[in-house]
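Undergrad: attaching a predicted model along with its sequence, questions to come.
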Amino acid sequence: MTPPKATAKSFAKGALVSALDSRALLSLTALADSLAVRAGSRRRQTGQVGPHVIINSTGGGNIGDQAMFESFLANVEGPVRAIVRSIDAFDVPDSLAPGRVELVVLPRLIYGRGLSRLMDVLTFARTLRGARSLSIVGADVMDGGYGRRPSALEWSLATAAAKAQIPTRVLGFSWKESVDRVILSAARRAARGGVVAIARDPHSRARLRKNGIEAVEAADVVFLHAGVAEPNAHDALVRGWVEAGKRVAIVNMSGLINSTLNQNDEYAHIVETLGELGYEILLLPHVSTDIPVIESFKASSADHKDVNHVDRLLTPSEVKALAAQADVVVTGRMHLSILALSSGVPSIVLATQGKVLGLMELVGTPDSCIDPVRGFARQVTGQLRELDSNRSATAAAITSGVQRARVLAAANFRDL
């Protein structure tokens, strides 16, 4: 039983956080951001081409975040200042950014409060001096998917930069059906202030327009990922299977989904079916929280202990190289599916936060988007058997859809 004092303390803390994230205080924070950015970011004539500034996603154990960053570097020219939460949150591949990237560590810019955050906002303003552009990695954080405050602050910083006459855009992001009114107001204010909103799927764009926010039609930036992987042991394993004429399935187990649904029984059924269909299986984490889920699955039954798995996070290029050799990918992570689909590999994706169906419709395989509810394995295995019957038609749909997605993804970088 929770002690009364602990309960009272927890309640008081929750009430304080709620008050600090109220509409009124977030509006005051947005005003302070605007004043600080406009005062601190005034352009200085240096005679040099200014940098592209990017506010990165969280990173640090998320291959999807790293893939989005690498896609940005591959598709813009000139110097880049990347704002990150910690110095080790992202890698800067030499092949994509030889000496042109400066990492600016601002851990409290999006997630901080009070004076410490104000200091980061002032540093952000100085980072914008002479900038050619500001891009914010929108992904799945702009609609409140990870809380009201981070979303509202990202929109307010975008608005402040646009008012300071820095060309500003929010790169391909998802938008839910129902969005918190504080975030909705902040997004509308940003769009009216000249911030370019770029939706990464048709459903998100339609929802934004319904909310009175005009958005550019686009696709996820990872469709334009261009990294090159060095060979490794996992690549050699999969290549050996392919050369031996075996079919390959790459399977991901999402830590996010597992936080609300134990997936061991579901994946036991999926792995058993893949074995019956003649697939060799490689279990692959895509976010650091996936690793313990895979370990738990392998430990859950003697039948699973010998299933091959990757026990660390790979680079996006390594993941893409593995996926390119597979015959099918089953995943709870959207960006893993994009890396696979980009190579024409059919992907069955467990949908989270309403961000996947539009993607799968875009590539012509909407039935491969499955809700991660108890019993989802039956739908996944049904799709696996359907794929066996219609592989040629599925491959043709994916090839056509990915070509269109790449054209749309380029809209993220138009005029940069």
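TA: Structure received. Residues are numbered from 1 along each chain as shown.

Undergrad: when you work out contacts or count neighbours from here on, use the C-alpha atoms and nothing else.
TA: OK.

Undergrad: need the contact list for residue 363.
TA: 397, 398, 399, 400, 401, 402, 405 (CA atoms under 8 Å, 6 or more residues apart in numbering).

Undergrad: do that again at 7 Å, thanks
TA: 397, 398, 401, 402 (CA atoms under 7 Å, 6 or more residues apart in numbering).

Undergrad: give me the subset of those that lies in strands.
TA: Of the positions in the contacts of residue 363, not one sits in strands, assigned by DSSP state E.

Undergrad: for those, pick the one with the most neighbours.
TA: Ranked by the number of neighbours (other CA atoms under 10 Å), those place residue 398 first, at 24 neighbours.

Undergrad: that one touches residue 344, doesn't it?
TA: Yes: with contact defined as CA atoms under 7 Å, residue 398 counts as touching residue 344 (6.0 Å).

Undergrad: neighbours of the nearest residue to residue 108 once chain neighbours are set aside, just the number please.
TA: Excluding the flanking residues, the one nearest residue 108 by CA to CA, 6 or more residues apart in numbering is residue 117, at 5.1 Å. By other CA under 10 Å, the residues close to residue 117 number 17.

Undergrad: with the one 4 residues further on instead?
TA: Neighbour count of residue 121, defined by other CA under 10 Å: 23.

Undergrad: pull the contacting residues for it.
TA: With CA under 7 Å, 6+ apart, residue 121 has these contacts: 33, 109.

Undergrad: for it, give its distance to residue 394.
TA: 48 Å (CA to CA, to the nearest Å).

Undergrad: just the element for residue 171, please.
TA: In the assignment (DSSP states H and E), residue 171 maps to strand 168-173.

Undergrad: domain boundaries for this protein, per the record?
TA: Domain assignment for the chain, taken from automatic domain parsing, gives 23-218, 233-405.

Undergrad: could you tell me the least trusted of those?
TA: Ranked by mean pLDDT, the domains of the chain bottom out at domain 23-218, which scores a mean of 91.

Undergrad: endpoints of that one, how far apart?
TA: Start-to-end, domain 23-218 (CA to CA) is 31 Å.

Undergrad: try stretch 271-288
TA: First residue to last in stretch 271-288 (CA to CA) measures 22 Å.

Undergrad: and that stretch, how far out from the chain middle?
TA: Stretch 271-288 sits 23 Å away from the centroid of its parent chain (CA atoms, centre = their mean, to the nearest Å).

Undergrad: contacting residues around that stretch?
TA: Contacts of stretch 271-288 (CA under 7 Å, 6+ apart): 61-63, 246-253, 291, 307-310, 313, 333, 336, 381.

Undergrad: one more time with 6 Å
TA: The set of residues external to stretch 271-288 that reach it, using CA atoms under 6 Å, 6 or more residues apart in numbering, is 61-63, 247-252, 291, 308-310.

Undergrad: these in strands, which ones?
TA: Per DSSP E, the subset of those in strands is 247, 248, 249, 250, 251, 308, 309.

Undergrad: quickly list what residue 171 is bridged to.
TA: residue 137 (DSSP bridges).

Undergrad: could you tell me how far it is located from residue 115?
TA: Using CA to CA, we find residue 171 at a distance of 29 Å from residue 115.

Undergrad: between those two, which is the more surrounded one?
TA: Shown here are residue 171 and residue 115; by other CA under 10 Å, residue 171 has more neighbours (28 against 10).

Undergrad: my guess is that one meets residue 138, correct?
TA: Yes: counting by CA atoms under 6 Å, residue 138 is a contact partner of residue 171 at 5.3 Å.

Undergrad: helix or strand for the residue lying closest to residue 231 once chain neighbours are set aside, which one?
TA: Nearest residue to residue 231 in three dimensions, chain neighbours excluded: residue 318, at 7.9 Å (CA to CA, 6+ apart). When elements are defined using DSSP H and E, residue 318 is found to belong to helix 316-324.

Undergrad: quick one: contacts of the helix or strand just after that helix?
TA: Going down the chain from helix 316-324, the next helix or strand is strand 328-331, by DSSP H and E. With CA under 6 Å, 6+ apart as the test, strand 328-331 has contacts from 249, 250, 251, 252, 345, 346, 347, 348, 349.

Undergrad: quick check: the fourth one vs residue 348, distance?
TA: To tie it back to what came earlier, the one meant is residue 252. As judged by CA to CA, residue 252 and residue 348 stand 10 Å apart.

Undergrad: for residue 212, same thing?
TA: Applying CA to CA, the value for residue 212 to residue 348 is 33 Å.

Undergrad: more crowded one of those two?
TA: Shown here are residue 212 and residue 348; by other CA under 10 Å, residue 348 has more neighbours (25 against 13).

Undergrad: the more buried one contacts residue 368, doesn't it?
TA: Yes: between residue 348 and residue 368 there is a contact at 4.7 Å, judged by CA under 6 Å.

Undergrad: strands of the stretch 101-250 of the chain, residue ranges please.
TA: Along the stretch 101-250 of the chain, counting by DSSP state E, counting those that start in this stretch, strands occupy 101-105, 133-139, 168-173, 196-199, 216-217, 247-251.
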